[in-house]
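Enquirer: Here's my sequence, what's the structure:
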Amino acid sequence: MDVPATAPPSIADLALDRVLATLLAGRAEYHLEEWFWKPLETVDAVAYRQEAMRDLDRPDLGGAVRDFSDGVRRVRHALRSAGGFEHPVQRRVTVLDAATTWVATVQRFAAALESAHPTSRALRALAESVTALAGSADFRRLAADSAKVRDAVDGIAYVLHVAGDRVEVSRATSTEGDYAAEIEAVFAGFRRGERPRAGHATERAGMDHVEEAIADRVAGLFPRPFALLERFIAEHPDFVDASLLAAEREVQFHLVGLEFADRLRASGLPVCWPEVDADRAIDLVGAHDPALAIQRHGELVANDLHLADERIAVVTGPNQGGKTTFARMVGAIVHLAALGLPVPAEHATVPLPDRVLTHFGRTEDLADQRGALEDDLVRLRDILDAATPRSLLILNEVFASTTVADAVELSRATLDRVLALGCCGIWVTFLTELAEVPGVASLVSQVDPADPSVRTFRVVRQSAGGPTWAEALAVAEGLDRASLRRRLAR
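Expert: You can find the predicted model right below:
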């Protein structure tokens with residue numbers, strides 16, 4: 001699947017960048033952001049990912065995959081460290097560490113997958129690949145060679161004699177003990193409760209000149225193990241299977257999806273696997289905005305959306321009444337569903353868009369000589385040129401910078417073209433006239449009937465022809481025309 005080189009504007013407009021910042025923390029090495037930028041192209045591809053994540057939600061499979069991923073990460077870090085070491089002994093020993101870790105990781109993973117019996121197509125294919133790798137002649141030779149060299153290197157025993165600034169290295173005799181464990185025990189009490197300091201290195205550092213001199217002397221005293229080590233490095237230059245590394249990266253994407261669902265459930269929010277159907281309109285029940293859900297603070301208001309024959313929903317209502325959040329919620333849920341991910345809703349049936357196109361307000365750029373209206377027109381032209389009948393459009397307060405009359409005329413022309421395209425979408429506007437256009441669903445953000453100054457953040461399907469929020473608020477405060485006339489007549 002081709003992905004864009006940079007995040008499309010919809011990622012920030014729908015606040016999915018905030019969701020990703022939370023979910024991808026600690027996974028920078030995988031560069032997973034680009035996997036979230038473009039919807040999948042077929043309904044079957046969505047189902048393929050959902051199957052894999054449901055499989056990984058099983059404790060046995062999920063645990064095996066996480067253990068495998070941890071092992072691969074240690075291998076990758078060891079090889080990266082080895083590439084930066086100048087001394088050949090340290091470099092070769094670190095590569096040997098990586099090889100033995102790789103062998104153990106693949107063998108454990110193959111055994112775990114064999115006993116877990118995955119049911120998804122993705123995990124079954126991965127199990128076959130890992131089993132084939134673990135049983136291959138090259139891998140068996142790698143396992144045998146690494147074990148042989150590991151035993152030889154681990155069998156080296158030497159003694160350091162330190163006298164002032166002089167260090168001597170000699171072979172250890174059978175009567176000389178290893179005091180490492182005793183020294184560890186003595187100093188263990190001083191380390192209890194110790195916390196890592198900022199900047200504490202997680203990978204082995206290079207050796208200083210004294211350590212390098214000791215390593216050279218040890219290699220001279222024990223030529224056979226180091227000759228075996230040198231030959232092992234030469235005979236197994238690329239022991240890591242590239243396809244398995246790619247699979248481990250893909251696994252990380254699936255784990256992110258499961259962690260997203262776990263975060264939502266931990267907050268007491270509903271989570272569902274959306275039904276994705278290329279020919280269906282949007283149907284959401286008990287849905288929440290993913291950006292608010294992932295960073296939940298206080299109670300969140302759920303909303304529904306049911307579009308059948310209509311393809312466009314026009315949302316009107318009071319300022320700061322939840323209209324923009326509602327539109328963002330719909331766009332974000334459709335986008336996440338099109339990636340094969342779970343979504344914050346009790347039920348979700350959504351179409352599969354080829355792209356999600358958004359128009360939200362932009363902070364003015366002093367270097368940009370275009371005015372707000374011209375900017376709206378240029379951006380809308382680009383959106384409409386890119387849109388297809390399969391696209392999802394989320395438009396928020398378009399033409400708010402011009403007069404009401406001009407805004408109505410421009411918006412109506414734009415809406416007519418959108419309806420002609422057959423796109424699905426949400427249009428947030430202060431122009432109630434748009435909600436009266438045939439073929440459009442009218443939604444209104446609600447206020448408390450007992451106190452119109454209180455917004456409920458509920459968005460429901462109803463006619464936009466009632467009194468505006470400003471008019472209702474004026475009545476509640478005694479500032480409407482009739483109330484003022486009564487006061488002035490006294």
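
Enquirer: pretty sure Leu415 belongs to a helix, no?
Expert: Yes. Residue state for Leu415 (DSSP: H, G, I helix; E, B strand; the rest coil) corresponds to a helix.

Enquirer: Give me the distance between it and Ala313.
Expert: 12 Å (C-beta to C-beta, to the nearest Å). In this view, the C-beta of every residue, glycine as well, is placed from N, C-alpha and C.

Enquirer: shared neighbours of those two, anything?
Expert: When contacts are counted by C-beta atoms under 8 Å, 6 or more residues apart in numbering, Leu415 and Ala313 have Trp427, Val440 as shared neighbours.

Enquirer: so Pro452, which of the three states?
Expert: Three-state assignment for Pro452 (three-state DSSP): strand.

Enquirer: That one: neighbour count?
Expert: Pro452: 19 surrounding residues under other C-beta atoms under 10 Å.

Enquirer: how much space between it and Thr324?
Expert: For Pro452, the distance to Thr324 - C-beta to C-beta - is 20 Å.

Enquirer: And Pro9, by the same measure?
Expert: Pro9 is 15 Å from Thr324, by C-beta to C-beta.

Enquirer: So these two - more neighbours on which side?
Expert: More crowded of Pro9 and Thr324, by other C-beta under 10 Å: Thr324, with 21 against 17.

Enquirer: For that one, identify the helix or strand it belongs to.
Expert: Using DSSP states H and E, Thr324 maps to helix 323-337.

Enquirer: How far does that helix sit from its chain's centre?
Expert: Centroid separation for helix 323-337 versus its chain: 17 Å, with C-alpha atoms, centre = their mean, to the nearest Å.

Enquirer: what do you get for stretch 423-439?
Expert: 32 Å.

Enquirer: Report the rounded mean pLDDT for it.
Expert: Mean pLDDT, computed over stretch 423-439, is 94.

Enquirer: Compute the first-to-last residue distance for that stretch.
Expert: Chord length of stretch 423-439, first to last residue, is 12 Å (C-alpha to C-alpha, to the nearest Å).

Enquirer: and if you look at stretch 300-316?
Expert: Note: stretch 300-316 ends 20 Å apart using C-alpha to C-alpha.

Enquirer: next one: stretch 351-359
Expert: End-to-end distance for stretch 351-359, by C-alpha to C-alpha: 20 Å.

Enquirer: which residues are contacting it?
Expert: 8-10, 13-14, 38-43, 46, 276-282, 331, 334-335, 338, 376, 379-380, 383, 386-388, 390-396, 398, 424.

Enquirer: next one: stretch 325-332
Expert: Residues contacting stretch 325-332 (C-beta under 8 Å, 6+ apart): 10, 13-16, 19, 282, 284, 287-292, 303, 305, 315, 356, 358, 392, 394-396, 426-428, 443, 445, 457, 459.

Enquirer: Please save the CA atoms from it in PDB.
Expert: Extracted C-alpha coordinates of stretch 325-332, given in PDB (Å, rounded to 0.1, in the frame of the first residue of the first chain):
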ATOM      1  CA  THR A 325     -16.400  17.900  18.100                       C
ATOM      2  CA  PHE A 326     -19.300  15.900  16.600                       C
ATOM      3  CA  ALA A 327     -18.000  16.300  13.100                       C
ATOM      4  CA  ARG A 328     -14.500  15.500  14.200                       C
ATOM      5  CA  MET A 329     -15.800  12.400  15.900                       C
ATOM      6  CA  VAL A 330     -17.500  11.100  12.800                       C
ATOM      7  CA  GLY A 331     -14.400  11.700  10.600                       C
ATOM      8  CA  ALA A 332     -12.000  10.100  13.100                       C
END
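
Enquirer: SS state for Thr105?
Expert: Three-state secondary structure (criterion: three-state DSSP) places Thr105 in helix.

Enquirer: can you check Val314 too?
Expert: Val314 ends up strand, using three-state DSSP.

Enquirer: In this structure it contacts Val444, no?
Expert: No. With contacts counted by C-beta atoms under 8 Å, Val314 stays clear of Val444, the gap being 9.5 Å.

Enquirer: Touching both of these two, which residues are there?
Expert: Common contact partners of Val314 and Val444 (C-beta under 8 Å, 6+ apart): Ala464.

Enquirer: where does the stretch 51-200 of the chain have low pLDDT?
Expert: Applying pLDDT under 70 to the stretch 51-200 of the chain flags the ranges 174-200.

Enquirer: Sketch out the strands for it, chain order is fine.
Expert: Remark: strands assigned in the stretch 51-200 of the chain by DSSP state E, counting those that start in this stretch are 158-163, 166-171.

Enquirer: Now do the last one: which elements does it pack against?
Expert: It stands for strand 166-171. Judged by 3 or more C-beta pairs under 8 Å, 6 or more residues apart in numbering; DSSP states H and E, strand 166-171 is in contact with strand 158-163, helix 209-221.

Enquirer: Identify, out of these, the most deeply packed stretch.
Expert: Ranked by mean neighbour count, the helices and strands packed on strand 166-171 are led by helix 209-221 with a mean of 14 (mean count of other C-beta atoms under 10 Å).

Enquirer: Could you list every helix and strand in contact with that one?
Expert: helix 88-116, strand 158-163, strand 166-171.

Enquirer: about what we covered before: just checking, which of the contacts of stretch 325-332 belong to strands?
Expert: 284, 287, 303, 305, 315, 356, 358, 392, 394-396, 426-428, 443, 445, 457, 459 (DSSP state E).

Enquirer: What distance do you get for Leu123 to Arg54?
Expert: The gap separating Leu123 from Arg54 is 10 Å, by C-beta to C-beta.

Enquirer: Mind checking which of these two has more residues around it?
Expert: Neighbour totals were compared for Leu123 and Arg54, and Leu123 leads with 24 against 17 (other C-beta under 10 Å).

Enquirer: which residues touch that one?
Expert: Contacts of Leu123 (C-beta under 8 Å, 6+ apart): Ala52, Asp55, Leu56, Leu61, Leu113.

Enquirer: Around the fourth one, count how many other residues there are.
Expert: Okay, so that is Leu61. 22.

Enquirer: Not counting sequence-adjacent ones, nearest residue to it?
Expert: For Leu61, ignoring the flanking residues on the chain, the nearest one in space by C-beta to C-beta, 6 or more residues apart in numbering is Ala116 at 4.9 Å.

Enquirer: Then Arg91?
Expert: Per C-beta to C-beta, 6+ apart, closest to Arg91 is Phe85, 4.2 Å.

Enquirer: pLDDT score for Asn363?
Expert: You called it Asn, but residue 363 is Thr. Turning to Thr363, the model gives it a pLDDT of 59.

Enquirer: Show me the domain layout of the chain.
Expert: Residue ranges for the domains of the chain, per automatic domain parsing: 40-156+222-266, 158-194+205-218, 270-488.

Enquirer: Adding distance to Glu34, write these out as CSV.
Expert: Formatted as CSV, the domains of the chain follow (distance: least, C-beta to C-beta, whole Å):
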stretch, distance to Glu34
domain 40-156+222-266, 10
domain 158-194+205-218, 33
domain 270-488, 12
